[in-house]
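In: fold the following.
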Amino acid sequence: MNLRNIIIGIVIVVGLGIAYLTLGGGSAMLAPKPTPTPNLALLELENIVNASGTLVPVKRANVAFQGLAPARVSQVLVKPGDVVKPGDVLIKLHAAEEEAAVSAARASLAQLKAGATKEEIAFAQANLDAAKAQLAKVRASATPEDLAMAQATLERAAAMLRDAQAQYDRIKDDPQRGMYPQSQALHLATQDYRVAEARYRQVLKGATPEDIRIADANIAIAQANLDRVKATARPEEIAAMQAKLDQATSALALLTITAPFSGTVAAVNVKDGETVMPGAPVITLGDLSHLRLETDDLGETNIARIKLGQIVSVTFDALPGKSFKGKVTYIAPMASAKQGGTNYTIYVEFESLDPALRWGMTGHIEINTKQ
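Out: Numbering: from 1, shown residues only. Sure thing, here's the model as predicted:
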């Protein structure tokens, strides 16, 4: 039973009592009944709608982390009570990989737009020249100097092999000969001799078709690299790199949480070093310069009697004895389920409020539906 019904009941009981006494008790029941006079106080009460609500900022938000994966907080830059502007950084998250990706993409894009440097072109040209010289050398017959050098290398390897064999022969009958350094020295000397012998035979014989094929392939690779270095970047290459830079920049931006509008920080839900999940609210922000009352207990029996623009009298528990005039600026089109019944929300806004009133305070509204 709400306050209005209680008051109506009291008024009815008092009215009946007064009528009974005025007409002389039970004997008056035999007298003619006078024409009833409307009770103005009762009619006035029937026109009143009461409800309660909470004072909140018109513009408020739970600012959430919009990243795609969990991230660790690097630095919380605000505290409750701080006033911020749009774009102010509230929280920084660790972003070393994302920063490196942005730097790399930006450098690659700049290089594509600028083209190759003189040094890069000269280096690519030198590689091509070296590949061509190598092919010419492979195709040419061995010179006397090449043959002499190969023979000298072979003879030196043979001498070292003979020396290593002599050293090994001294310990070859020892069961532990494999543990001696002479065994390893003989193995290495044998390998060197075989390599020198193969090289000497190749010089005598000349280049093989496989040697020539490899040299030709190296020239083709060097020429393609030089052409690529000299060529101006195609528009599609620049567009692709720009898209890569944009993507990296967007990923980095998600790791810096900023204020979406001017307001006051009401709550900070994370600390330095904590891990935040995607979608998790980290900051509660509100514009305290414009507050309104939002109801949460207006029953369905009264909502049809309320209209937009109606004047509302509002009192607050925090300021007893004071009343504030407001106006209905919104009526919810759909009910919200609440324990104990079906309720509707309305917004009441004010031209001015006492500075002592704060976000979250309880207010009580009274609406005369006939005004």
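In: in the stretch 201-350 of the chain, which spans are helices?
Out: Ranges of helices within the stretch 201-350 of the chain are 209-230, 235-253, 300-303, based on DSSP state H, counting those that start in this stretch.
In: how about the ones you listed in JSON lines, adding mean pLDDT, mean neighbour count and distance to residue 84?
Out: Any C-beta I mention is one placed from the backbone N, CA and C, and that applies to glycine too. Converted to JSON lines, the helices of the stretch 201-350 of the chain look like this (pLDDT from 0 to 100; neighbours: other CB atoms under 10 Å; distance: least, CB to CB, whole Å):
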{"stretch": "helix 209-230", "mean pLDDT": "85", "mean neighbour count": "14", "distance to residue 84": "50"}
{"stretch": "helix 235-253", "mean pLDDT": "87", "mean neighbour count": "14", "distance to residue 84": "17"}
{"stretch": "helix 300-303", "mean pLDDT": "87", "mean neighbour count": "14", "distance to residue 84": "37"}
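In: how about those helices in JSON lines, adding distance to residue 163?
Out: JSON lines is the format used below for the helices of the stretch 201-350 of the chain (distance: least, CB to CB, whole Å):
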{"stretch": "helix 209-230", "distance to residue 163": "33"}
{"stretch": "helix 235-253", "distance to residue 163": "61"}
{"stretch": "helix 300-303", "distance to residue 163": "111"}
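In: how is the protein carved up into domains?
Out: With domains defined by automatic domain parsing, the chain comprises 1-46, 61-93+254-286, 103-244.
In: could you list the low-confidence segments of this protein?
Out: Applying pLDDT under 70 to the chain picks out residues 1-45, 141, 207, 338-340, 371.
In: pick out the residue nearest the middle of it.
Out: Per CA atoms, centre = their mean, the C-alpha nearest to the average position across the chain is that of residue 67, at 2.3 Å.
In: quick check: closest non-adjacent residue to that one.
Out: The shortest distance from residue 67 to any non-neighbouring residue, by CB to CB, 6 or more residues apart in numbering, is to residue 254 (4.6 Å).
In: just checking, residue 290 touches residue 56?
Out: No - between residue 290 and residue 56 there is no contact under CB atoms under 8 Å: 10.3 Å.
In: neighbour count for those two, which is higher?
Out: Taking neighbours as other CB atoms under 10 Å, residue 290 and residue 56 compare with residue 56 leading, 16 against 12.
In: go through stretch 282-290 and flag the buried ones.
Out: 282, 283, 284, 285, 286, 287, 288 (16 or more other CB atoms under 10 Å).
In: nearest to residue 221 among those?
Out: Lowest distance from residue 221 to these (CB to CB) belongs to residue 282, with 52.9 Å.
In: now that closest one: how far from residue 154?
Out: As judged by CB to CB, to the nearest Å, residue 282 and residue 154 stand 76 Å apart.
In: now residue 252
Out: Distance, residue 252 to residue 154, by CB to CB: 62 Å.
In: cool, and residue 240?
Out: Residue 240 sits 55 Å away from residue 154, going by CB to CB.
In: go on, residue 277?
Out: Residue 277 sits at a distance of 71 Å from residue 154 (criterion: CB to CB).
In: these two: which is more packed in?
Out: Taking other CB under 10 Å, residue 277 and residue 154 do not tie; residue 154 has more neighbours (20 against 11).
In: hang on, the more buried one packs against residue 194?
Out: No - taking CB under 8 Å as the definition, residue 154 is not a contact partner of residue 194, at 10.2 Å.
In: residue 203 - how many residues pack around it?
Out: By other CB under 10 Å, the residues close to residue 203 number 20.
In: I'd guessed it sits against residue 144; true?
Out: No - in this structure, residue 203 is not within contact of residue 144 by CB under 8 Å, at 10.5 Å.
In: just to revisit the earlier point, assign a three-state SS to the residue nearest to the centre of the chain, would you?
Out: Following DSSP: H, G, I helix; E, B strand; the rest coil, the label given to residue 67 is coil.
In: what sits up against stretch 156-170?
Out: Outside of stretch 156-170, the residues within contact range by CB atoms under 8 Å, 6 or more residues apart in numbering are 177, 182-183, 185-186, 188-190, 192-193, 195-197.
In: who's in contact with residue 360?
Out: Contacts of residue 360 (CB under 8 Å, 6+ apart): 54, 55, 56.
In: and if you look at residue 356?
Out: The contact partners of residue 356, taken as CB under 8 Å, 6+ apart, are 318, 319.
In: checking it next. Helix, strand or coil?
Out: coil.
In: what about it, distance to residue 333?
Out: Residue 356 sits 34 Å away from residue 333, going by CB to CB.
In: how about residue 296?
Out: Separation of residue 296 from residue 333 (CB to CB) stands at 16 Å.
In: out of those two, which sits in the more crowded spot?
Out: Using other CB under 10 Å, the more surrounded residue of residue 296 and residue 333 is residue 296, with 14 against 6.
In: check contacts around the more buried one.
Out: By CB under 8 Å, 6+ apart, the contact set of residue 296 is 52, 53, 54, 336, 338, 343, 345.
In: who wins for neighbours among those?
Out: Scoring those on neighbours with other CB under 10 Å, the highest-scoring entry is residue 53 at 22 neighbours.
In: excluding chain neighbours, give the residue nearest to that one in space.
Out: Of all residues not flanking residue 53 in the chain, residue 295 sits nearest, at 3.8 Å (CB to CB, 6+ apart).
In: what about that neighbour, how many residues nearby?
Out: Neighbours of residue 295 using other CB under 10 Å come to 23.
In: also residue 65?
Out: 21.
In: nearest residue to it in space, please, no chain neighbours.
Out: Leaving aside its sequence neighbours, residue 65 sits nearest to residue 276 (CB to CB, 6+ apart; 4.8 Å).
In: nothing else from me, thank you.
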